[in-house]
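In: Fold the following for me, if possible:
(3 chains)
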Amino acid sequence: MRKGWLRLLTFIPLLGVLFGINYYEDPGNVFHEASQEIADAMLAGQNVYLGSSNCNDRMLVTSLIEGMPKHVDCLTIGPSLTMGIRRGNVGTDSYYNLSMSNLCFTDMMAEFGLLELNGVEYDRVILCLDVFMFDPELNAEYTSPEMEPYATYMLGKLEGREMAYPNAYVNYERFKDQVREIMSVSYFQSCVWFIRSNESLKIPTDRWGIVDESTQDMAYYMSDGSYVYSAGYRANDEEYVTNQAKFFEYDVVAPDRHIDPTYAQQIRLLMDYLTARGVEVDFYISPFCPTIWELIQLQGEHCPIVGEIEQYLNELAEEYGFGVIGSYNPYVVGVTEADYWDSRHLSHDRMNELFDFT
Amino acid sequence: MTRDEVYERLNKVFRDVLDDEDIELHDETVADDVEGWDSFEHINIIVGVEEEFGFKIPMGKVVTMKNVGEMVDIIMELGK
Amino acid sequence: MSLTSSRFFLFLLVTVILFYILKPVQKYVLLAASLFFYLAISPGSKASLCIIIALIGLVTYISTNLMERLQGKLKGTVAFLSIASLIVSLFMFKLAYNVVNAFTPILHLNSDFSWLQFGAVVGLSYYTLTAIGYIVDVYWGTVKASRNIAEVFLFIFFFPQLISGPITRFGEMREQFAARHSFDMDRFMFGVRRMAWGYFKKLVISERFGMVVDTVFTYYTDFSLTNVIVAALCYSVQLYTDFSGCMDIIMGAAMLLGIELPDNFNAPFFSESVQEFWQRWHITLGTWFKDYVMYPLQKSKLMQSIGKRAKKVFGKKPAKKIPFYLSLAVLWCLIGLWHGGTLYYFIGSGVLPGSILILSDLCQPLLAKLTKGLHIDTGRASWRWFRRVRTIFLISMCWMVLCSNGTRNYIDIVKHSLSMPINYASFNDIIELIKLSNMDILLMAVGVVVLFLAEVCAFKGKSIHKVLDEQNYLIKVGVVYAEIITIMMYGLVGSSSFIYFQF
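Out: The predicted structure follows:
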């Protein structure tokens, strides 16, 4: 009988190879989460590239906020549209760019919540409030569960309630992913492909590293939190942009929906909060490229939210004495497809030329 | 009815249905032993048996009988 | 949760552990596991699924127990009502939309029948047949009705057989479910080996042949008649390795729990005639239709009177054939309908095979004369192999309709192939179009060789699993290692599901 159980053990090496390779190679960074170390490197003044894959930018920003000095002159909070605003553009070196891709209402509130919880004071915020921050459906689709506890905290605070320190989000989804991927045959095959293309078992490019001459063409984060696209991406031309724009997904402009009144009201509360702390706010509105702008105009009353947001932000700015930089309308700003890197993102150089962020 | 009597009449049915005068059945004979007795002829044989002996064989038994010996047992039981 | 996912392995592991720990209540462990499995694997509303499970199980349980206490006409009525309700539910959930859609263009109806399109009820086609078989068995007195409702539910919804068969008989399963199974390492390893072989067939062989089929039949304008024929043959390999691989996984999983399920395949490609093929392919479906449809139909008064009338008109020999062919026609139409009710499945899996069966029976005397006239020695191996190849060819032609994904597509493909009989492109160019690497081709070749060896064993009467079981331990481990390593390195896991899952 004991011999029988021993026989089962003959299959342990196979499982060992499967689990071991999946864990060690981990091309999808399922088992290795380096956002804390990356944040530490950035806070120490280094530019950091991401080697084998993405890192969780929500956790990166959380770590940045936890580690940054307790007073900064200026912050940028927005989606990927504002990732190119750097220290040199805002007129001060005491600056961090806390942009996160697909930033939505919950994420934004969570960032302010984290700043509050970590006792960070700031004099100015460049705030990009895009469609995702005014539409509950898009918010639900793009929300990051790890940010929710902080968003709940902040909303409670804005409404004047006493809020307990939020419990950190326990990522059950990530745990389930890890269990699934460690046994996954297709993940194993990605690892094998990875090993073959690197011609060695050891991972030559680290999952992340400090930018130097050999890696400066890769995409990387600068020490102020802003992002630099890879050299290849920066070379995208007008034709590429126009072709991309043809595949524009209307979902991202919340068709047939309007600004959610609850969100609008909560943003007002946020403005009161910021004013009470003497924080200057500049709204940034990133223009659409002409092709997409035309498509939106064609939709007419089926795409009301874009016009509503611009109007709302201008009203807020007037009411609170804040500034407004830019407009959704490319003709007002004076941009064409040649100024873009893809159908939605202005090239960072052009953005900083066109707009004065100081 | 004796077993031999049953066999005499059964042979007649088989020879008639399968058109083969040389068929000779025993207790252990199975379908594979008799040329032409496939799953489709099986029903024709059963119907022939029912007509010859004058009673219906329950479907359950039609499906489960394994050899001629069992068939004869069923016939003798139903014939009582 | 598909059979190739890690979730399934976790589920199986937990079930096996609980099964052997909770020995006194093994039946209930299996029942709970089966219901959990069914709910986890089904998309759509779990609540409506629970209702369906409850209704089908209760109808079966109540009707079988009622029938035991009744006689004559009342018994027949209960049987009729319960079977009819199961058939109606099968029709409504699976077939109604497809069948109506097939007829609307012919009858020029304009209404919108999308309300007939219910959510997918996985496995309904299989377990409805299982349940109906049990009801008929009780009606005929072949088997005694079970008083234990858990047993009835377990029999119908047993998770290995739930979604793609095999279609079992209550008489075969009852004792196995009732017995207490102790853990047996040998039997457990046998099950593991069988599952490994199934995964090998599905992930290494089937998926690759599937690539050939998909490319050729989607981009048929680039391919010639010869390519299409080869692709249809590849489909036979794909379908066989997919379905029999699924069966091996399922039977291996059942074996882990000490339950033996009936085989669904017996070296089908060694069949020398089309008739023999259908006795070796999807065996449990064939025997189900034979026992519960064909026999009652043939024995029915209607068929008998047709036969008698035909005898008077045509004479004895031809007269036998007429009710026979009629029954075959009905049978194959039903089998075609069971495969989903879409027109092309109805033709490819019902009308065509049935027609070929009837035609080959009609031509039997003619072919016999031909063979004799040409002085062919029918005892020779070459003759047997000729017949095998002919059978595979005929079956592949039936299945070609299925590869085409639609009747209209099929007609277009046939038209195009006839206009382009030969492809002048080189073999390498064609392989490139299909995106198969050299490794893929090597694996396909090795796979077919290994498959052939396994089939030879099965044909000779002893399955490859039993053959391996008798070998030395090192050989057994070596084989499993080879299979698992090949699956790990080259298994195309992807997101494809099993073909027979859709019925």
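In: What count of nearby residues applies to the closest residue to residue C:205 other than its chain neighbours?
Out: Residue nearest to residue C:205 in three dimensions, not counting chain neighbours: residue C:447, with 3.7 Å by Cβ to Cβ, 6 or more residues apart in numbering or on different chains. The way it works is simple: take the backbone N, C-alpha and C, and place the C-beta from them, glycine included. Residue C:447 has 21 neighbouring residues, counting by other Cβ atoms under 10 Å in any protein chain shown.
In: Near residue A:272, how many other residues are there?
Out: For residue A:272, the count of nearby residues is 12 (other Cβ under 10 Å).
In: Need the contact partners of the host helix or strand of it.
Out: Using DSSP states H and E, residue A:272 sits within helix A:261-276. The contact list for helix A:261-276 (Cβ atoms under 8 Å, 6 or more residues apart in numbering or on different chains) reads A:105, A:109, A:112, A:125, A:129, A:133-136, A:155, A:157-159, A:281, A:312, A:316, A:320, A:322.
In: coming back round to it: need the contact list for the residue nearest to residue C:205.
Out: By Cβ under 8 Å, 6+ apart, the neighbours of residue C:447 are C:200-201, C:204-205, C:208, C:241.
In: re the thing from before, need the next SSE after the helix holding residue A:272, C-terminal direction.
Out: Following helix A:261-276 in sequence order, the next helix or strand is strand A:280-285 (DSSP H and E).
In: how near is the residue of the stretch 51-200 of chain A found nearest chain B to chain C?
Out: In the stretch 51-200 of chain A, the residue that lies nearest chain B is residue A:185 (42.9 Å; Cβ to the nearest Cβ). Going from residue A:185 to chain C by Cβ to the nearest Cβ, to the nearest Å gives 5 Å.
In: The nearest residue to that residue once chain neighbours are set aside - how many residues pack around it?
Out: Among residues not flanking residue A:185 along the chain, residue C:493 sits closest, at 5.0 Å (Cβ to Cβ, 6+ apart). Using other Cβ under 10 Å, the number of residues around residue C:493 comes to 20.
In: so residue C:493 makes contact with residue A:188?
Out: No - here residue C:493 does not reach residue A:188: they are 9.4 Å apart, not a contact under Cβ atoms under 8 Å.
In: Mind splitting the chain into its structural domains?
Out: Since no chain was named, I'll use chain A. Domain assignment of chain A by automatic domain parsing yields the ranges A:1-32+A:171-203, A:69-168+A:236-354.
In: Correction: the question concerned chain C.
Out: Per the record, chain C has its domains at C:6-183, C:184-261+C:406-503, C:270-403, by automatic domain parsing.
In: mind putting those in JSON lines, mean pLDDT included?
Out: Shown next, in JSON lines, are these (pLDDT from 0 to 100):
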{"stretch": "domain C:6-183", "mean pLDDT": "87"}
{"stretch": "domain C:184-261+C:406-503", "mean pLDDT": "87"}
{"stretch": "domain C:270-403", "mean pLDDT": "87"}
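In: Redo those domains as CSV? Include distance to residue A:304.
Out: CSV is the format used below for those (distance: least, Cβ to Cβ, whole Å):
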stretch, distance to residue A:304
domain C:6-183, 32
domain C:184-261+C:406-503, 38
domain C:270-403, 44
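In: Leaving out sequence neighbours, find the closest residue to the residue of chain B at minimum distance from chain A.
Out: Evaluated by Cβ to the nearest Cβ, chain B has residue B:66 as its residue closest to chain A, separated by 37.4 Å. Once flanking residues are discounted, residue B:66 sits nearest to residue B:30: 7.1 Å by Cβ to Cβ, 6+ apart.
In: list the buried ones in stretch A:66-83?
Out: Residues A:68, A:72, A:74-83 are the ones in stretch A:66-83 that count as buried (16 or more other Cβ atoms under 10 Å in any protein chain shown).
In: what does stretch A:307-319 give?
Out: Buried positions in stretch A:307-319, judged by neighbour count with 16+ other Cβ under 10 Å: A:308-310, A:312-313, A:316-317.
In: What residues does chain A have near chain C?
Out: Residues of chain A lying close to chain C (Cβ under 8 Å from any Cβ of the partner chain) are A:1, A:4-5, A:7-8, A:10-11, A:14, A:17-18, A:179-180, A:183-186, A:188-189, A:192.
In: Weed out the non-buried ones from these.
Out: Buried members of those, scored by 16+ other Cβ under 10 Å, are A:7, A:11, A:18, A:183-185, A:188-189.
In: which one of these sits closest to chain C?
Out: Proximity of those to chain C (Cβ to the nearest Cβ) peaks at residue A:183, which lies at 4.1 Å.
In: can you list the residues that contact the helix or strand of chain B with the lowest mean pLDDT?
Out: When the helices and strands of chain B are compared on mean pLDDT, DSSP states H and E, helix B:59-64 comes out lowest with a mean of 78. Applying Cβ under 8 Å, 6+ apart, the external contacts of helix B:59-64 come out as B:42-43, B:46, B:74, C:137, C:140-142, C:291, C:295-296, C:299.
In: List the residues that contact residue C:171.
Out: C:137, C:142-143.
In: Next, work out how far apart whatever residue of chain B ends up closest to chain C and residue A:262 are.
Out: Residue nearest to chain C within chain B (Cβ to the nearest Cβ): residue B:60, separated by 3.2 Å. To residue A:262, residue B:60 is 69 Å away according to Cβ to Cβ, to the nearest Å.
In: Likewise for residue A:21?
Out: Distance from residue A:21 to residue A:262, by Cβ to Cβ: 49 Å.
In: same thing with residue B:17?
Out: Counting by Cβ to Cβ, the gap from residue B:17 to residue A:262 is 84 Å.
In: which of these two has more neighbours?
Out: Comparing residue B:17 with residue A:262 by other Cβ under 10 Å, the one with more neighbours is residue B:17, at 22 against 10.
In: Does the more buried one touch residue B:42 like I think?
Out: No - between residue B:17 and residue B:42 there is no contact under Cβ under 8 Å: 9.9 Å.
In: Make sure I have this right: residue A:123 is in a helix.
Out: No - Residue A:123: not assigned to a helix; according to DSSP: H, G, I helix; E, B strand; the rest coil it is strand.
In: sorry, back to before: who wins on neighbours among the contacts of residue C:171?
Out: Using other Cβ under 10 Å as the neighbour criterion, residue C:137 leads the contacts of residue C:171 with 23 neighbours.
In: For the host helix or strand of residue C:429, buried residues please.
Out: In this structure, residue C:429 sits in helix C:427-434 according to DSSP H and E. By neighbour count with 16+ other Cβ under 10 Å, helix C:427-434 contains the buried residues C:430, C:434.
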